[in-house]
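Peer 1: Provided below for reference: sequence and predicted model.
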Amino acid sequence: MGSKNGRLLLLASIGLLARETVFADTAVDCTATDKVVAEHVANSDYTFDGWWHGDRALGDWFGVRTTLEDNGVDFFLSTESDTAGNPTGGRSQGLTYVNSIEFGMKLDMQKLTGWQGGSILIRAVDRNGDNLSEKYIGNFFTAQQVFGSQALMLQSIAVEQKLFSDSLSLKAGRVAMGDDFATSPIYGLYMSNSVDGTPKSLTTTSAFSCYPGSVWGGRVRYTDLDKQWNASFGVYQADDRIYIRNKHGLDFSIRGQDGVTMIAQVGWTPTFARSETKAANGQITVSGLQGHYWMGGYIALWDIPQFTSTETYDTSYALYWHADQMIYQAEPGTDKGLSIWALFDLAPQQNVSLMPYQVAGGLFYKGLIPSRDKDIVMVGASCGWFSRDYAQQQIAAGQDDPSSEKVFEIGYRVQLNKFFFIQPNVQYIFDPYGTSTPDALVLGARVALVY
């Protein structure tokens, strides 16, 4: 009953805030909206072909959505479901389904109030379903990326201010470190949760907060005018309540036992073999092989439980590195082609870090099949080594001696249109949780829609 009431409270709060924002002093002109709707109906924009080739599954609301966005209010809604089963291996065999619904709005405060460079993001996530890894396989790297905090959670209330031609960005509020640090869109290509969002070795102490959780925090980010170099620094609350489901992300308290995490990251985004081609109409096409390289680290001042001691430890830290590089561009000026990536995470404190070391890497090709320019085929692998202190704890409890867990994954994303993809997926999990549990074959599929 408490979970249901929490969901209703969260939905009501977001709805009320949306109403008050949209119908403020800068309210949308209803006359203009009615005119746009009439034009859309008259022009028959809502044919099947027009809908199928549109940007979102719910369309433009007969022009209302565009009118709202022009006035600074951008509503968003997306869903993803991950269905997976292990026909062989694991503790037993089974099939599970999980889904995630993300919704919210972004407010352009310059359009709404004249506040130049300001924006507000409000985002919530509702997740449901059973975890294949926990229920049947018994492994660490969750096989379905949208599993985690299976409840309705308020994930973000963030205020961002951009300055100096957007080269400086300040952001603060209820946020997660993983929103801005140690993350890449490439990680989201994979169904395995070994890297999706944030590499899992960084998050085992909860000092590194990540989606769908949130804490009080903020960051500053500087990007040079050529957009080749960037540097970020952030300070965040560290607490052990971040993923409690029946709190629904509404516990905004700061308590005496909470800690603080400080994080810094430096990045380089070069374009190799850069060239410019000028068409007859004067349009310039820039081509080249783009890459993203970064390194970062955090230190958390927070009492953390130790594996082989009843006493807590007051400091934890980690370092991380990432590189991705396009190595072949199929067509100049496009993202079609072959890219490779790799990461290495180091959280070396064996007494508090469940997984002190993790390496991962892979490759992906966009537009491999002619006429399927948006499809992506991806291959990836990840390996994480478990702490020796954790291993001693398990041995003392009469369990296996955990060493490392490895996962290999291959998938093909069929991008049916701008808002809809289906992704068949195969994973093979070696040494689940580093133990003698039989290796598991996982067959699955992702289905995602942007509304």
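Peer 2: Arrived safely, thanks for sending. Everything quoted here is computed from the prediction, not taken from an experiment.
Peer 1: ranges for the helices of the stretch 351-451 of the chain?
Peer 2: Per DSSP state H, counting those that start in this stretch, the stretch 351-451 of the chain carries helices over the ranges 388-396.
Peer 1: then the stretch 51-200 of the chain?
Peer 2: Ranges of helices within the stretch 51-200 of the chain are 64-70, 109-113, 132, based on DSSP H, counting those that start in this stretch.
Peer 1: can I get those helices in JSON lines with mean pLDDT?
Peer 2: Output for the helices of the stretch 51-200 of the chain, formatted as JSON lines (pLDDT from 0 to 100):
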{"stretch": "helix 64-70", "mean pLDDT": "95"}
{"stretch": "helix 109-113", "mean pLDDT": "96"}
{"stretch": "helix 132", "mean pLDDT": "98"}
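Peer 1: who touches stretch 323-338?
Peer 2: By C-beta atoms under 8 Å, 6 or more residues apart in numbering, the residues outside stretch 323-338 that reach it are 184, 186, 272, 275, 277, 285-293, 339-343, 363-367, 373. In this view, the C-beta of every residue, glycine as well, is placed from N, C-alpha and C.
Peer 1: ok so, going back, tell me the most buried of the helices of the stretch 51-200 of the chain?
Peer 2: helix 132 (a mean of 27; mean count of other C-beta atoms under 10 Å).
Peer 1: next one: it to chain centre, how far?
Peer 2: How far helix 132 lies from its chain's middle: 20 Å, per C-alpha atoms, centre = their mean, to the nearest Å.
Peer 1: and that helix, what does it pack onto?
Peer 2: Judged by 3 or more C-beta pairs under 8 Å, 6 or more residues apart in numbering; DSSP states H and E, the packing partners of helix 132 are strand 73-88.
Peer 1: can you show me the CA trace of the strand it packs on as CSV?
Peer 2: Extracted C-alpha coordinates of strand 73-88, given in CSV (Å, rounded to 0.1, in the frame of the first residue of the first chain):
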residue,chain,number,x,y,z
VAL,A,73,8.4,23.2,-22.3
ASP,A,74,9.6,19.8,-23.7
PHE,A,75,7.8,16.7,-22.4
PHE,A,76,9.5,13.3,-22.9
LEU,A,77,8.4,9.7,-22.4
SER,A,78,10.3,6.5,-23.4
THR,A,79,10.0,2.8,-22.6
GLU,A,80,12.3,-0.1,-22.8
SER,A,81,11.7,-3.8,-22.1
ASP,A,82,14.3,-6.5,-21.8
THR,A,83,13.2,-10.1,-22.2
ALA,A,84,15.9,-12.8,-21.5
GLY,A,85,16.3,-16.4,-20.7
ASN,A,86,19.1,-18.8,-20.0
PRO,A,87,18.4,-22.1,-21.8
THR,A,88,21.7,-23.5,-20.3
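Peer 1: what lines up beside that strand in the sheet?
Peer 2: Strand 73-88 pairs in its sheet with strand 95-108 (antiparallel), strand 440-450 (antiparallel), by DSSP bridges.
Peer 1: turn the ones you listed into TSV, including mean pLDDT.
Peer 2: Output for the strands paired with strand 73-88, formatted as TSV (pLDDT from 0 to 100):
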stretch	mean pLDDT
strand 95-108	98
strand 440-450	98
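Peer 1: how about those in TSV, adding mean neighbour count and distance to Ile157?
Peer 2: TSV is the format used below for those (neighbours: other C-beta atoms under 10 Å; distance: least, C-beta to C-beta, whole Å):
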stretch	mean neighbour count	distance to Ile157
strand 95-108	19	9
strand 440-450	19	22
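Peer 1: next, format those strands as CSV and append distance to Ile429.
Peer 2: Putting those into CSV (distance: least, C-beta to C-beta, whole Å) gives the following:
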stretch, distance to Ile429
strand 95-108, 15
strand 440-450, 5
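Peer 1: report the contact partners of Tyr298.
Peer 2: Here Tyr298 is in contact with Met177, Phe181, Leu202, Ala207, Phe208, Thr261, Met262, Ile263, Ala264, Tyr317, Ala318 (C-beta under 8 Å, 6+ apart).
Peer 1: pretty sure it sits in a helix.
Peer 2: No. Counting by DSSP: H, G, I helix; E, B strand; the rest coil, Tyr298 is not found in a helix; it is strand.
Peer 1: tell me the centre residue of this protein?
Peer 2: Geometric centre of the chain, nearest residue: Gly197, 3.9 Å, by C-alpha atoms, centre = their mean.
Peer 1: can you map out the strands along the stretch 201-350 of the chain?
Peer 2: 215-223, 229-238, 259-268, 271-278, 284-305, 312-329, 337-346 (DSSP state E, counting those that start in this stretch).
Peer 1: would you reformat those strands as JSON lines and include mean pLDDT and distance to Asp55?
Peer 2: Formatted as JSON lines, the strands of the stretch 201-350 of the chain follow (pLDDT from 0 to 100; distance: least, C-beta to C-beta, whole Å):
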{"stretch": "strand 215-223", "mean pLDDT": "98", "distance to Asp55": "27"}
{"stretch": "strand 229-238", "mean pLDDT": "98", "distance to Asp55": "28"}
{"stretch": "strand 259-268", "mean pLDDT": "98", "distance to Asp55": "29"}
{"stretch": "strand 271-278", "mean pLDDT": "84", "distance to Asp55": "27"}
{"stretch": "strand 284-305", "mean pLDDT": "92", "distance to Asp55": "23"}
{"stretch": "strand 312-329", "mean pLDDT": "96", "distance to Asp55": "25"}
{"stretch": "strand 337-346", "mean pLDDT": "98", "distance to Asp55": "24"}
